[in-house]
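>>> sharing a model prediction with you, sequence too.
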Amino acid sequence: MNTRIKDFDASKYLATTEDHAELLSDALETKHAGYIAAALGTVAKSRGIAQLAAETGLSRQALHKALSENGNPTLDTILRVVDALGLQLAAKPQEVEHA
């Protein structure tokens, strides 16, 4: 008996803007560029890459490439995508750990 395993697709489980914001916030907190790009790609996929491409003026191929774990999106791409998703990036002071 062969067991078939499918890749998990988190984009199928992100239904709301709040879900999108939570995933992206988690990624930003890690400071891991690959995870941030991939999380943004997952959110973009849940929204629909074709629709997002139309809204941002970027091609579907460019979005797929930039928003993958190995992608390196420009700040312009990030800002266009975040805006089209109805999200905003925010800065806050780092929490200082006391020993």
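Arrived safely, thanks for sending.
>>> okay, the residue nearest the centre of the chain and residue 18: tell me how far apart.
The residue lying closest to the centre of the chain (Cα atoms, centre = their mean) is residue 40, at 0.7 Å. For residue 40, the distance to residue 18 equals 16 Å [Cβ to Cβ, to the nearest Å]. For the C-beta atoms, the positions are set from N, CA and C on the backbone; glycine is no exception.
>>> contact partners for the nearest residue to the residue nearest to the centre of the chain once chain neighbours are set aside?
Nearest residue to residue 40, sequence neighbours excluded (Cβ to Cβ, 6 or more residues apart in numbering): residue 67, at 5.1 Å. Neighbour list for residue 67: 37, 38, 40, 41, 44, 73, 77, 81 [criterion: Cβ atoms under 8 Å, 6 or more residues apart in numbering].
>>> measure the residue sitting furthest away from the middle of the chain to residue 60 for me?
In the chain, the greatest distance from the average C-alpha position (Cα atoms, centre = their mean) is reached by residue 1, at 37.2 Å. Per Cβ to Cβ, residue 1 is found 38 Å from residue 60.
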